[in-house]
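Trainee: with the sequence up front, the predicted model follows.
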Amino acid sequence: MTSWQAIRLVMGREIRERSRSGAFIVSVAITLLLVAAVLFLPLIFADDDVRYEVGVVGDGNQAVIDAAVALANPPGRKVRTTIEVIPFATREEAETAADAEEVDGVLMDGREIVVRGAGGEAGGALESLLQRGARSVQIESLVAAGSGEVVSILTSQPLQVRSLSGADAEENRGRSVVAFGGLMLLYMAVLLYGSLILSGVTEEKTNRVVEVLLAAFEPWQLLAGKIMGIGLLGLCQFVGTVVIALVGINLTGVIDLPEFPVDSILVLVLWFILGYSLFAVMFGAAGALVSRAEDAQTVVAPISLVAVAGFFIAIQAVSNPTSTLSVVTTFIPPTAPFVAPVRFAFQAIPLWQMATSVALMILTVVVMTRLAGRVYLGGLLRFGSRVGIREAFRSAEL
Amino acid sequence: MLELSRLSKRYGEVQALDGCSFRVERGRMLGFLGPNGAGKTTAMRSVFNLVSLDEGSVTWRGRPVGQRERLRFGYMPEQRGLYPKMRIGRQLAYLGRIHGMTTGEASAAAEQWLEELGLADRIGDPLEKLSHGNQQRVQLAAALIHDPELLVLDEPFSGLDPFGVETMAEILRSRAASGAAVVFSSHQLDMVEDLCQDVAIINRGRVVMGGEVRQLKADSPYWVIEVEMRGGDVERLSRLESVVSVDFDGYRHRIVVRKGGDLSDLVSRLDLGGDVRHFTFSAPSLSELFKQAVAG
């Protein structure tokens, strides 16, 4: 039997038995309910009227706005949409007001929209409403003229869109969402699945099945299989929830999502796996040191503390991705998974630093798995009181 | 053949194993005996690399034991334990697979063993729903599921009722008969004498007596005489030089005598005018060998 076969067997059992357990099914159901609640409650309670403030400069604007308001308020619709028109004398004045967010957008000469940032919270919806208004104005003039092509109007964007914050605004917003989101996900996964691994290990020790397993497996194979099984199951649950949430967001339009840069996401996934592995190994070794759930908190506290520290250093890195602290912690394995993806998202990490950090991390995970396997063996066969880490290590010199 | 040679292991102040050596032959059963804390569990664990030895080696058919060899071994640890919430059929199949069986082989073997142990109708029940005795049976099946060439069982008879003991003994006998090497530890010396061809007696981490039971008895420097009589003064015998001890259990006297002493003198003195109901002359029991070995 190869190590990989052994790991796969342990992994398979973890996934099968855990996904059948009542607790798991309940937790999946609760998560989905929460996602649904977040997505659909605003719709149910959304009877507040929508009100936009639009600055206008020049002529030909009122027709577009009237048409937009009429389109937004079809007969029978409960929610009323109103557009308040604020005239400006010059383009500059209007743009200054838009930049200061005094108005949601500016319509110029019935031909152009100026918004602060493309795809901003109110901007996206207003922009598409005004485009529809402009199309209907064009169709009306077509009808009046008696000839012309409707399709080309319906498929065009009659109003030009200009963003004040530049072309990169959209992408930057995507990057910071990915960085923050990834940070939160990793932090949650470490604490959530870390405690699952801990209790899984302690459980096998408490019900004494571990000696039968270790007679066939090497300890590190058992530990690795357990970590990967729980990790994979957790990841599936996580990805499933995120996909359902994204589909829901698209269907309901409750939240306006930016474009996500693909490279940021790939880096995030890589670091997620590395970071999860390292913390999972540490939690697994910690679980082997105790035989009662009550003792678990004591050995877990230092590990959780490291995760909390990593999280806060990464928050600091969001505003200061090239500070000495950010650079140094990129090379410290337990904090790197939090800091490195944030720095990458803001394009503030040189390639060599990223490569060195990843290599260090992989090395640490491999070494830690072996070491934890040793602690695991030494700790697992001692029952009763808590086993000191040095004692566990020495009693299982492999 | 399993060979443990010169195993040593120290835990802090405690010398758990101190040059422990013995071998288990294929097709035979070895009883591994010793007082509590003598090092039995540590020695058995070392077969599965669960103990990192300070010195010594464990070999199977002349080769050091690695993960590949261990997959052909079956182990029942002293601390019994399986997954309480896992269904017993799946559980046994899983344990078969971790010893290298295919999914199909493992499921078939699980069904077969549950059938043999009278638990076929419980195959879909989680372990925790079974009675204590039935859980013990599953534990035995867990050690046997992959048809191991070597069986190592730590106190397999403890906690079993007489029917359980009978089933266990029967299964161990049949495993040995079909060519497996079997070693188990026990405090039930009569049971060991009944089942095992070989014994190893360990004390303070060292094997103090070992070999074939028949041979050990023949080599013993003592005889045992058991007498039941009315009247007479048996106690006087203890004054004879060749007599080691005289015990009285309320019915019979058990007299241990040194070989080569003057037996006829002894026997003549037994005719003490009493009414003799029972008289046997035999080699010492395993129990007596054990006491000598551990005391000496």
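Mentor: Ah, there it is. Only a predicted model underlies this, so the values are computations on that prediction, with no experimental measurement involved. Numbers count the residues shown, from 1 in each chain, chains lettered A, B, ... in the order given.

Trainee: okay, now stretch B:141-158: how far is its last residue from its first?
Mentor: This stretch, stretch B:141-158, spans 16 Å end to end (C-alpha to C-alpha, to the nearest Å).

Trainee: what about it and chain A, touching?
Mentor: Yes. With C-beta under 8 Å from any C-beta of the partner chain as the criterion, chain A is reached by stretch B:141-158 at B:142-143. C-betas here are computed from N, CA, C, even on glycine.

Trainee: for that stretch, give the mean pLDDT please.
Mentor: For stretch B:141-158, mean pLDDT is 93.

Trainee: list the buried residues in that stretch.
Mentor: Neighbour counts over stretch B:141-158 (16 or more other C-beta atoms under 10 Å in any protein chain shown) mark B:141-157 as buried.

Trainee: narrow the residues you listed to those in strands?
Mentor: B:150-154 (DSSP state E).

Trainee: ok, and the closest non-adjacent residue to the residue in the stretch 1-150 of chain B that chain A sits nearest to?
Mentor: Among all residues of the stretch 1-150 of chain B, B:Gly81 sits closest to chain A, at 2.6 Å; criterion: C-beta to the nearest C-beta. Nearest residue to B:Gly81 in three dimensions, chain neighbours excluded: A:Arg208, at 2.6 Å (C-beta to C-beta, 6 or more residues apart in numbering or on different chains).

Trainee: which element follows the host helix or strand of B:Val199 toward the C-terminus?
Mentor: Assessed by DSSP states H and E, B:Val199 sits inside strand B:198-203. Note on strand B:198-203: by DSSP H and E, the next helix or strand toward the C-terminus is strand B:206-212.

Trainee: so which elements touch that following strand?
Mentor: When contacts are defined as 3 or more C-beta pairs under 8 Å, 6 or more residues apart in numbering or on different chains; DSSP states H and E, strand B:206-212 packs onto strand B:14-24, strand B:198-203, helix B:286-295.

Trainee: picking that back up, state the mean pLDDT of the strand holding B:Val199.
Mentor: Strand B:198-203 comes out at a mean pLDDT of 95.

Trainee: send the alpha carbons of that strand over as PDB?
Mentor: Only the C-alpha atoms of strand B:198-203 are listed here, as PDB (Å, rounded to 0.1, in the frame of the first residue of the first chain):
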ATOM      1  CA  ASP B 198       4.500 -22.300  23.600                       C
ATOM      2  CA  VAL B 199       4.800 -19.700  26.300                       C
ATOM      3  CA  ALA B 200       7.000 -16.800  27.100                       C
ATOM      4  CA  ILE B 201       7.000 -15.500  30.600                       C
ATOM      5  CA  ILE B 202       8.100 -11.900  31.000                       C
ATOM      6  CA  ASN B 203       9.100 -10.100  34.200                       C
END
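
Trainee: B:Arg206 touches B:Asp18, doesn't it?
Mentor: Yes. Using C-beta atoms under 8 Å, B:Arg206 is in contact with B:Asp18, at 5.0 Å.

Trainee: about what we covered before: mind putting the helices and strands packed on strand B:206-212 in a markdown table, mean neighbour count included?
Mentor: Formatted as a markdown table, those follow (neighbours: other C-beta atoms under 10 Å in any protein chain shown):
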| stretch | mean neighbour count |
| --- | --- |
| strand B:14-24 | 20 |
| strand B:198-203 | 24 |
| helix B:286-295 | 18 |
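
Trainee: could you dump the ones you listed to JSON lines with distance to chain A?
Mentor: Compiled in JSON lines, these are given as follows (distance: least, C-beta to the nearest C-beta, whole Å):
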{"stretch": "strand B:14-24", "distance to chain A": "11"}
{"stretch": "strand B:198-203", "distance to chain A": "19"}
{"stretch": "helix B:286-295", "distance to chain A": "26"}
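
Trainee: confidence-wise, which of those is weakest overall?
Mentor: helix B:286-295 (a mean of 89).

Trainee: quick one: distance of that helix to the chain centre.
Mentor: On the basis of C-alpha atoms, centre = their mean, to the nearest Å, helix B:286-295 sits 14 Å off its chain's mean C-alpha point.

Trainee: report the central residue of chain A.
Mentor: A:Gly181 (3.3 Å; C-alpha atoms, centre = their mean).

Trainee: hang on, it in a helix?
Mentor: Yes. A:Gly181: assigned to a helix according to DSSP: H, G, I helix; E, B strand; the rest coil.

Trainee: what's the spacing between it and A:Val239?
Mentor: Here A:Gly181 is placed at a distance of 13 Å from A:Val239 (C-beta to C-beta, to the nearest Å).

Trainee: what is the neighbour count of the residue in chain A positioned nearest to chain B?
Mentor: Residue nearest to chain B within chain A: A:Arg208 (2.6 Å; C-beta to the nearest C-beta). When neighbours are defined as other C-beta atoms under 10 Å in any protein chain shown, A:Arg208 has 18 of them.

Trainee: that one contacts B:Glu78, doesn't it?
Mentor: No. Using C-beta under 8 Å, A:Arg208 is not in contact with B:Glu78, being 9.4 Å away.

Trainee: how about the helices of the stretch 101-250 of chain B, start to end?
Mentor: Ranges of helices in the stretch 101-250 of chain B, per DSSP state H, counting those that start in this stretch, are B:103-116, B:132-144, B:162-177, B:189-195, B:213-219.

Trainee: please apply the same query to the stretch 251-398 of chain A.
Mentor: Using DSSP H, counting those that start in this stretch, the helices of the stretch 251-398 of chain A run over A:262-289, A:293-319, A:324-330, A:336-345, A:351-380, A:389-395.

Trainee: of the ones you listed, flag the one that's most buried.
Mentor: Mean neighbour count (mean count of other C-beta atoms under 10 Å in any protein chain shown) peaks for helix A:336-345 among the helices of the stretch 251-398 of chain A, with a mean of 28.

Trainee: thinking again about what came up before, the helices of the stretch 101-250 of chain B into JSON lines, with extra columns for distance to A:Val50?
Mentor: Shown next, in JSON lines, are the helices of the stretch 101-250 of chain B (distance: least, C-beta to C-beta, whole Å):
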{"stretch": "helix B:103-116", "distance to A:Val50": "59"}
{"stretch": "helix B:132-144", "distance to A:Val50": "66"}
{"stretch": "helix B:162-177", "distance to A:Val50": "77"}
{"stretch": "helix B:189-195", "distance to A:Val50": "86"}
{"stretch": "helix B:213-219", "distance to A:Val50": "95"}
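
Trainee: with that, I have no additional questions.
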